[in-house]
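> Predicted model and sequence follow; I will ask about them next.
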Amino acid sequence: MKNDIHDKILGSYVGLAVGDALGATTEFMTPREIQVNIGVHNKITGGGWLRLKPGRVTDDTEMSLALGNSLIKSQGFNLNCIGDHYVQWMRSKPVDIGSTVRKGIRDYMLKGITVQMESEMAAGNGAAMRNLPLIIYCLKKWGYFEQMTRLQSHLTHNNKKSDLITLCFGEMTKILLETGDKLHALKIANRLIKINPKFSYSRYKGESSGYIVDTFKTVMHYFSDETSFEKILVGVVNQGGDADTNGAIAGMMAGALYGYSSIPAKWTKKIDTEVLRAIRIQCRELMDIPVRYTDEI
Ligand SMILES: [Mg+2]
């Protein structure tokens, strides 16, 4: 079962939740503060600036689940249904919500706007952090992935760098899920860096903020250098900064490469059981829904 695609899909989704819950503790800290206060952060202990219960996930996992539920509800891709699910999530008083995400959801809720104005302010990682359900959903018909990703992203984040990196993470995750070929996945990232040299992570200096380029550098630095799910995640979350989102994206890719069985049980058993249940259901159902736009029918 270890190399089974279902084990890898479950690994990527649970990996996302594990990275989110693990990283939430060190969000906004510096590596030095983490070292002094915690040592090496490698346990899901909750706390952090949000004072979370151990195993509590944040917006990264919750918005992914909202996107996945919308695809299941409309049995296809329906942008208004996605917007409605984001509104429903925002109304549930989430423990954390980014300012760009809040503005986008409010504009949809109050004015029906589904495409934000293109903006440099929207170069955050809030679209990339929630795109995994679309990756799983589009595996059957990959030709739809780019357009659907741009549409769901632009509800809140309309920015070229956000688009390029969200799409790149998606392409890489697909390859990891289907073939486990890490070198091939790294080539996809290198192709992007060739066109955008500022995305290069070869001289990584610890940039770990929520700026999408920093997220790309942090995730890629540890993903390319480290050799297990645990090592990749520990490396990323000990950089602090936007540790939960960077951890979530790293967990998605590491889980896609190494599979569910590679995620340490000490982490999975801490995750909220309702969240794990919802993830298991989505992993099954997203594979079965036809890839299509249901708002055109
Ligand atoms: Mg978060």
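Okay, I see it.

> ok, now how distant is Asp20 from Thr58?
Between Asp20 and Thr58 the distance is 6 Å, computed by C-beta to C-beta, to the nearest Å. Heads up, the C-betas are built off the backbone N, CA and C, glycines and all.

> list the residues that contact both of those two?
Asp244 (C-beta atoms under 8 Å, 6 or more residues apart in numbering).

> Looking at the two, which one has more neighbours?
Asp20 (31 against 24; other C-beta atoms under 10 Å).

> secondary structure element for the more buried one?
helix 5-23 (DSSP states H and E).

> what packs against that helix?
helix 59-73, helix 132-138, helix 160-178, helix 229-237, helix 243-258, helix 265-268, helix 273-288 (3 or more C-beta pairs under 8 Å, 6 or more residues apart in numbering; DSSP states H and E).

> buried sites along the next helix or strand after the first one?
Note on helix 59-73: by DSSP H and E, the next helix or strand toward the C-terminus is helix 79-91. For helix 79-91, the neighbour count (16 or more other C-beta atoms under 10 Å) marks 79, 81-87, 89-90 as buried.

> any idea how far the residue of the chain found nearest the ion lies from Trp49?
The ion sits closest to Thr58 of the chain, with a gap of 3.4 Å, by C-beta to the ion. The gap separating Thr58 from Trp49 is 11 Å, by C-beta to C-beta.

> Next: Tyr108.
Counting by C-beta to C-beta, the gap from Tyr108 to Trp49 is 28 Å.

> how about Gly68, what does it touch?
133, 136-137, 282, 286.

> Show me what from the stretch 1-150 of the chain comes close to the ion.
Proximity of the stretch 1-150 of the chain to the ion (C-beta under 5 Å from the ion) is limited to residues 58-60.

> if we can go back for a sec, burial measure for the residue lying closest to the residue of the chain closest to the ion once chain neighbours are set aside, as a count.
Sequence neighbours aside, Asp96 is the residue nearest to Thr58 in space, at 4.7 Å (criterion: C-beta to C-beta, 6 or more residues apart in numbering). Burial measure for Asp96: 18 neighbouring residues, criterion other C-beta under 10 Å.

> A helix includes Asp96, no?
No: membership of Asp96 in a helix is not supported by DSSP: H, G, I helix; E, B strand; the rest coil, which gives coil.

> before we move on, back to that, and the furthest pair within the buried residues of helix 79-91?
Leu79 and Met90 (16.5 Å; C-beta to C-beta).

> Tell me the buried residues in stretch 47-60?
When neighbours are counted by 16+ other C-beta under 10 Å, the buried residues of stretch 47-60 are found to be 48, 50, 52, 55-60.

> As JSON lines, those with pLDDT would be great.
Shown next, in JSON lines, are the buried residues of stretch 47-60 (pLDDT from 0 to 100):
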{"residue": "Gly48", "pLDDT": "96"}
{"residue": "Leu50", "pLDDT": "94"}
{"residue": "Leu52", "pLDDT": "96"}
{"residue": "Gly55", "pLDDT": "96"}
{"residue": "Arg56", "pLDDT": "97"}
{"residue": "Val57", "pLDDT": "98"}
{"residue": "Thr58", "pLDDT": "98"}
{"residue": "Asp59", "pLDDT": "98"}
{"residue": "Asp60", "pLDDT": "98"}
